[in-house]
Structures are given as C-alpha cells and as structure tokens.
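[1] Dropping a prediction and its sequence here:
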Amino acid sequence: MTLTTTAVLVPLLPFLGAVAGLLTGRRSPGFVRPLAVLPTLAAAVLAVAVAVGQGGGPATDVATRLTPTGSLPIDLALHIDGFAALIGVLVGVVATCVQIYSTAYLRDDPRYPSYAALVSLFTSAMLLVVYTGDLMVLLVGWEVMGICSYFLVGHYWETEAARAASLKAFLVTKLGDVPFLFGIFALAADAGTFRITGILGHVARDGLHHPTLIALLLLAGVAGKSAQFPLHTWLPDAMAGPTPVSALIHAATMVAAGVYVVARLLPVFAASAAALVVLAVTAAVTMVGSALAALAQDDIKRVLAYSTVGQLGYMTGALAVGDRGAAVFHLLSHGAFKALLFLGAGVVIHAAGTNSLAAMSRMGGLARRVPDAFWTLTVALLALAAIPPFAGFFSKEAVLGAAEHAATGHAAGVPGAAGWTVLVSGLLTALLTAAYATRLWLLTFRGSGPEVPDHGRQPLAMTATLWVLFVPTVGFGLTAPLLPAWFDGRPLEPTATTSVLGIGVALIGGLLTYAAWRHTSARAARTPMGAVAVVEDAGPALAEELAIVGHPPAYGDAAGATDPADPGRLLLGPLHRHAAVGFHLDAVYSALFVRPTRAAATLVRFLDRAVVDTYVSGAGAAPRWLGAAVRRAQTGNVQTYLGALLGGALVLAIAAVLVATGTGA
C-alpha cells in the first residue's frame, strides 16, 4: 500500500465508521462499540504508518481536480510533511483512547450510538484538516468540527447548562468563522489558488498585496476555534458535555485546528509585523488571564478548560515569534498530557460521585480510592507545570527559548516587542500554571471534602487509557533532539536561561500554593463548621453574572459557598471574585450584544403583533363587518324591500330637485 493510499484511508475510516454507526446503531446495538472503536483504532495505526513512511523527508504533495469553478479551482489535495504526520498520530491515538474510554463511561447512556458516531465524525473532520492541501477542503473539515462540537457539548440536552453551552460554542466559533472565510477568499484571490503549497510559494516569490488584512481576518477564525482572547469564553462552558468529549476537544481536535492552520500558513502571518504583534499581545492576554481564572475555579473541569486556553496561548505565542516547530511541539506534548488530565478527571468525578458538579471542594482524600488516576494525574499535572523530565517541560521551554531568541533580536522579521511580550507573559503564566496545578492536586487528593460513597473499582476501559497516555506524557519530551528533522530544522532543546527561569518560577508557584493551603487548612480546622463551607455575601450583581456565564453559585464561587481551605482565595485576594467569572467578559458581552439583541427582538415582536397584525386583522375585519351589515338587511320581507326601494327613490328625487334648483339659480 502506497503512502498516499494509506493517508487517504486515515480520515476515511472514521468517516465510514460514523456513517455505519448512525445508520445501524439503534437497530443493531451489538455493533455500536466495534463500529466506534475499530475504525478509529485502524486510523490511528495507519497514521503511525504514514508518520513512519514520511519520516523527516520531503513533503508528500498530490492532488486531483475536484471541480472547475470558472475561476480558482478546488482540488482534493493531500499535503503531508512532518507537522501533519505527527499531528495525525496525535489525533488518532487520542480519539482511540476517547472511544475506548467512552464504552465504559457512557455504558448505560441511551444516546451512546449517536454519541460514538459523532466522535468518529469529529475525528475524521480533524484528520481532514490535518492532511488536506487545499484551503476549501480544509474549510469543510473546519465547519464539520463546529457542528459536531455543538451536538457533543449538548449531549446532555435535558440540562439547561448543556443546551446553553452548545449554543454558545456554536455561535462564538461561528462569529470567528465569518472573517476566517473572507480571509481565505482574500488570500486565494491574492495568491491565485486555494492550494496551500501554491499560496506559500506565491508569498515567498511575490508577497501579498494586503498581508495585514488577510492575517487579521484569519486570526479571527483562529481565535474562535482555538479559544483565544476575546473569543475564548465558550470553552469553559463547554465542560457541560461528557468528559471524554472534553478530552477530545481540548487535546486533539477543534482547539488544535486553529493553531495548526496558523502553523501551516505561518509565512502569511510573518509577512505582516503588525499581525505578529497582534498575535503576541493576544497570546499574552490569553495566557495570563486564563491562568488567573483557573486559579479561582472550583469545578475541576473548568480549571482544566482554562488551562487549555492558557496552553494554547503558549502555542500562539511561539507562532507570534516565528517558530512553528516550538508551537507544534507544545501542541503534541499538550495533547498527550491534557487528554490524560481530562480522562483522569472523569475517573475522579465518577469516584467522587459528583457528576453533576465536579467541585474539588467536594472531593479530597481520593488518592487511595483511585490509585490509577492519582498516579497518572500527578504526573500529568507535573507535565502541565513544566517540571522536568516530563514532556511539558521540554515543549514549554522550546516556546520560551523561541521567545528569548526573538526578544534579543535574533529572529529575522519578528519584532523584538513580540518576543519580549511572549517571554514575560510566558514566565508569569508558568508561575500561575504551577500554582493552579498544585491547588488542583491538593484539593482533589489531599483535601478534606465531605464524605462521598465509594463507587467501587473503576472500569478497566477507563483506567487502561490513562496508562496509554501516561507513556507520551513521561517520554515525549525526550524526542526534542529528533524533532527538528521533522519540522523546520530549528533546535528545540531547552536553553539554560529560560530553563532556570521557568523551573524557578514554577517551583515558586507550587510552594506558595502549598504554603497557602497549609495556612487555610489550619484556619479551617479552627472554624466551627470545619472545612464544609463558608458563605460570603458578594451581592446579587455577581450572582447574576455567574448565572450569565452558566456557572451558578457553588463551592468555590465568589457568590456562593466556598471551601475555607482553598489556597486560591488567599493567593488571589480581592482579584478572586473577578477571576471566578472570567473577569466579567461574559457580562460585557451580555451588556453589549445579548441584551440589545433581546431588546430588539422584543421590539420586533411588539411591532409585529401591535402594528403588522393590526393591519392584517383589519383588512379581514372590514369586509367581515360590511358583510354582516348587508346580511342584516336581508330580512326576506317583501314589504321591507319595497319600502326601502320607495325610500331610496324618494331620496334620489329630492336630491335631483335640489341639484336642478341649484343649477337654475
């Protein structure tokens, strides 16, 4: 089998599995799990074969004309280089783990057949984005992922939170997709082709006429898909969906797509210094803001969601300083340990019996109950905090090293301001990341939350996938010396300066959090209520805002009950109440867009009912009233008719006489 044929089968197999699952799932329930797992597993194996066959050699680029358009043709193009090959492996492996995990996690769910089929379709769409060499075909996979996320996030549609989250995810990402579409059209019109290789060749040879405009239009779509400021608000709310879906979205699909597109088209963005500065500032705000928000959340999945937003900020920061190798390295590393974090969180949530509210303050002391999740999550959190020798350390240091390289003026075409922005914000985020990772570990495994029933040993299908993802979480960083041959040839090994700074700030963040936890735990032990809850009065305004963001008052919220042993409250101080609601960005959107739109809809409804309907009703009422009057005149009495006739004749005669008299005068 040729490399091209193998690559075509990688996205095709999950697609066929999705179609078969949708058609036969309810009629043949015994085939649901094989149709979910086997095509995705086969795609993962073939993706590994493609990566081995591709190696670090020249890119594989083949195409066939899909249809003549009269102007720019659309091609079914295949473009596989080191970036695409490795990301294809990541997508295949994570999707397979999610499908296997879901067979146990959603064992009794009546909608599992449609769920499994949508996960397969989601996987196929992302693989299409990764392997295609034509922007219009990429756009198809891009939009299919959007509709799949809508259905999967809203899987528990009986709950208001899931319905609102799915709609919000769809609308916010579509808000970015509109300028993204115009950006693709503008780029293709400028370059004369939709083919990615043709576009990059045109940029290198002739440049672009409007590089800043094109880059900013594309960045709007990337901000929506990859949850970057200010379009990141949908991702924390998307935690209302099943936990395996969260793992898939955060690790290998959807949010990874935006970073991959920028990496693939980086010369387009590098053609505009202004676009790189905008990308760097966006990455900096996203990193720091999301890390602060993560430190104030109590729902374990929302902590991980804000963590994903921040880690994506690292990736876009690396792209802003012109190093797509570091960005994709961190994308691969993050995909492994973030999938492990979410799937491990699912095991913890199941063990704590808090599926409806994954509050860390209601957990605590779970290390002995879920040893598999405890050990794997501990390592994954160390990787997230960039502690050596785990994968997150090497990939994050590659990003910081690239930022230092640009800040000192050694990156051609990259403004030094972009390098300093990414470097400083990246170090601050490293401190905050270690802080919220330590806080999550302490509250989940060492805290003293309320006693919860023991749900027994976790299913093998769930715990086995944790150990599969444990392997790359531990060892993938050691491949840093080998990856430049697959990427652009730039070294990815950690540099001394950023390594010392990065490890130093991470240790400071972890130690400060541990000290704060010890202090708050001792204080909580002295309170009459122990470590159950302390209610703070934050006023009705903040409670309303929490409802706006789909996060009602609960343990750890500034407007509800809080765990007095929560170190995040002590570390953030007055900032905690603002960080808990994402710094009021949802409230701003509600004031600027949601409420005016609802007011306009109310006005339109009033005008439709009070004005338009009045005219329509009047047009039918007038003939009805006239008919009623005429009907009353039809009595059937001949004498009445004759009297009316004589009366009418008399009136006409009098009128004629008056007219004649007036004329004669």
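    Thanks, I have it.
[2] From here on, just use CA atoms for contacts and neighbour counts.
    OK.
[3] any idea of the mean pLDDT in stretch 492-502?
    The average pLDDT within stretch 492-502 is 93.
[4] Pull out the buried positions in that stretch.
    492-495, 498-499, 501-502 (16 or more other C-alpha atoms under 10 Å).
[5] How about residues contacting that stretch?
    Here stretch 492-502 makes contact (C-alpha atoms under 8 Å, 6 or more residues apart in numbering) with 325-326, 386, 394-395, 397-398, 400-401, 404, 427, 430-431, 480-481, 483-484.
[6] which stretches of the stretch 51-200 of the chain form strands?
    60-67, 74-80 (DSSP state E, counting those that start in this stretch).
[7] Which stretch among these is buried most, on average?
    By mean neighbour count, with neighbours taken as mean count of other C-alpha atoms under 10 Å, strand 74-80 ranks first of those at a mean of 21.
[8] and it, what does it pack onto?
    Counting contacts by 3 or more C-alpha pairs under 8 Å, 6 or more residues apart in numbering; DSSP states H and E, strand 74-80 is packed against strand 60-67, helix 112-131, helix 135-153.
[9] how far off strand 74-80 does the second one point, in degrees?
    Here helix 112-131 runs at an angle of 80 degrees relative to strand 74-80 (axes from the mean of the first three to the mean of the last three C-alpha atoms, to 10 degrees).
[10] Now Asp108. Its backbone dihedrals?
    The phi and psi values for Asp108, taken as degrees, to the nearest 10, are phi -100, psi 10.
[11] For burial, what's the neighbour tally of it?
    9 (other C-alpha atoms under 10 Å).
[12] Which parts of the stretch 251-400 of the chain are helices?
    255-264, 266-270, 273-294, 300-320, 324-352, 371-384, 391-407 (DSSP state H, counting those that start in this stretch).
[13] Repeat that for the stretch 101-250 of the chain.
    Secondary structure of the stretch 101-250 of the chain by DSSP H, counting those that start in this stretch: the helices cover 112-131, 135-153, 160-191, 196-205, 211-225, 234-237, 243-251.
[14] quick one: the residue nearest to Gly146 when sequence neighbours are not counted and Phe151, what's the gap?
    With sequence-adjacent residues excluded and distances taken as C-alpha to C-alpha, 6 or more residues apart in numbering, Gly146 is closest to Phe170, at 6.5 Å. Between Phe170 and Phe151 the distance is 9 Å, computed by C-alpha to C-alpha, to the nearest Å.
[15] Please tell me how far Ala485 sits from Gly53.
    From Ala485 to Gly53 the distance is 14 Å (C-alpha to C-alpha).
[16] swap in Gly82?
    Distance from Gly82 to Gly53, by C-alpha to C-alpha: 10 Å.
[17] what pLDDT does the nearest residue to Ala284 once chain neighbours are set aside get?
    With C-alpha to C-alpha, 6+ apart as the criterion, Ala284 has its nearest non-adjacent residue at 5.3 Å, and that residue is Ser425. Reading off the confidence values, Ser425 has pLDDT 97.
[18] Contacts only, for the residue most central in space within the chain.
    Of all residues in the chain, the one closest to the mean position by C-alpha atoms, centre = their mean is Leu235, 4.3 Å from it. Contacts for Leu235 (C-alpha under 8 Å, 6+ apart) come out as 169, 227, 305-306, 309.
[19] can you pull the buried residues of stretch 171-189?
    171-177, 179-181, 183-188.
[20] do stretch 214-231 as well
    214-229, 231.
[21] Now do stretch 202-215: distance to the chain's middle.
    Its chain's C-alpha centre and that of stretch 202-215 lie 29 Å apart, by C-alpha atoms, centre = their mean, to the nearest Å.
[22] brain fart, stretch 40-57
    26 Å.
[23] where do the strands sit along the stretch 501-650 of the chain?
    534-535, 561-562.
[24] List the residues that contact the closest residue to Thr173 other than its chain neighbours.
    Excluding the flanking residues, the one nearest Thr173 by C-alpha to C-alpha, 6+ apart is Gly224, at 4.6 Å. Applying C-alpha under 8 Å, 6+ apart to Gly224 gives the contacts 172-177, 231-232.
[25] would you turn the residues you listed into a markdown table with distance to Lys301 and pLDDT?
    Listed next are the contacts of Gly224 as a markdown table, based on distance: C-alpha to C-alpha, whole Å; pLDDT from 0 to 100:
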| residue | distance to Lys301 | pLDDT |
| --- | --- | --- |
| Val172 | 20 | 93 |
| Thr173 | 20 | 93 |
| Lys174 | 24 | 93 |
| Leu175 | 25 | 92 |
| Gly176 | 24 | 93 |
| Asp177 | 26 | 94 |
| Leu231 | 19 | 92 |
| His232 | 15 | 92 |
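[26] Find the pair from the residues you listed with maximum spatial separation.
    Asp177 and His232 (13.7 Å; C-alpha to C-alpha).
[27] ok so, going back, among the contacts of stretch 492-502, which ones are buried?
    Buried members of the contacts of stretch 492-502, scored by 16+ other C-alpha under 10 Å, are 325-326, 386, 394-395, 397-398, 400-401, 404, 427, 430-431, 480, 483-484.
[28] on that earlier part again, looking at Gly82 and Gly53, which is more packed in?
    Using other C-alpha under 10 Å as the criterion, Gly82 and Gly53 rank with Gly82 on top: 24 against 14.
[29] picking that back up, between the strands of the stretch 501-650 of the chain, which has the poorest average model confidence?
    strand 534-535 (a mean of 36).
[30] Return the residues in contact with the nearest residue to Phe393 once chain neighbours are set aside.
    Of all residues not flanking Phe393 in the chain, Ala386 sits nearest, at 3.8 Å (C-alpha to C-alpha, 6+ apart). Counting by C-alpha under 8 Å, 6+ apart, Ala386 touches 392-394, 396, 430, 434, 502-503, 506.
[31] thinking again about what came up before, want to throw the helices of the stretch 251-400 of the chain into a markdown table with mean pLDDT?
    What follows is those, written out as a markdown table (pLDDT from 0 to 100):
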| stretch | mean pLDDT |
| --- | --- |
| helix 255-264 | 94 |
| helix 266-270 | 95 |
| helix 273-294 | 96 |
| helix 300-320 | 95 |
| helix 324-352 | 92 |
| helix 371-384 | 95 |
| helix 391-407 | 95 |
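[32] Any chance of a markdown table for these, columns distance to Met360?
    Listed next are the helices of the stretch 251-400 of the chain as a markdown table, based on distance: least, C-alpha to C-alpha, whole Å:
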| stretch | distance to Met360 |
| --- | --- |
| helix 255-264 | 25 |
| helix 266-270 | 40 |
| helix 273-294 | 13 |
| helix 300-320 | 6 |
| helix 324-352 | 9 |
| helix 371-384 | 14 |
| helix 391-407 | 24 |
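[33] nearest to Arg27, of the ones you listed?
    With C-alpha to C-alpha as the criterion, Arg27 lies closest to helix 324-352 of these, at 29.4 Å.
[34] tell me what the closest one is packed against?
    helix 82-105, helix 243-251, helix 255-264, helix 300-320, helix 371-384, helix 391-407, helix 460-475.
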